[in-house]
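Trainee: Need the 3D shape of this:
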Amino acid sequence: MSARSDRGEAQATAQGLATIRATWNGKQLTRELQVWPAARAGLEVRLQAPVVFPGEVTEVQLVERLTDGSVVDLTSDAGFSTSNEAVARIELLGRRAFVRAFSTGQAAVMVSFAGLRAVLSVSEQPAVGLEFDVEQLEVPVGLA
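Mentor: Residues are numbered from 1 along each chain as shown. Purely as a prediction, here's the structure:
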């Protein structure tokens, strides 16, 4: 916990038990505060660009949202595959993952992690390129 705040706020910096002391007009109040680690709020697949043309690339990430508002990148721990490599392929570069569009058509890009799977539909859009359906990409905490 932070040591002192003139605004009456405390910020948790680590898990554990903290003692909070408040003094006002010569009176003091002391309370114990248990700080717990943040819990998983959900998993989310993020795309750099939802539409790509043949020959273009978009980055795809798997992130875990925590109850404290922080985000953990799980991309390097996830599995990626595609149902039609003539349309879209997965390219891994270090801890990052990319989807490269090769032609127009339809494909599914699968992202898997810890037994969970998200499917990105890739479909042909006239004069646009490949468009990802991003509505199915979030896993709420109850399913994660």
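
Trainee: Enumerate the beta-bridge partners assigned to the most centrally placed residue in the chain.
Mentor: Taking CA atoms, centre = their mean as the criterion, residue 63 is the residue nearest the geometric centre of the chain, at 2.1 Å. Taking DSSP bridges, one finds residue 44, residue 73 as the beta-bridge partners of residue 63.

Trainee: The residue nearest to residue 120 when sequence neighbours are not counted bridge partners, please.
Mentor: Of all residues not flanking residue 120 in the chain, residue 109 sits nearest, at 4.2 Å (CB to CB, 6 or more residues apart in numbering). For glycine as for every other residue, the C-beta is placed from the backbone atoms N, C-alpha and C. Counting by DSSP bridges, residue 109 is bridged to residue 82, residue 120.

Trainee: How about residue 34?
Mentor: residue 17.

Trainee: Residue 90 now?
Mentor: Bridge pairing for residue 90 - DSSP bridges - gives residue 99.

Trainee: wouldn't it be in contact with residue 109 here?
Mentor: Yes. Judged on CB atoms under 8 Å, residue 90 makes contact with residue 109 at a distance of 7.1 Å.
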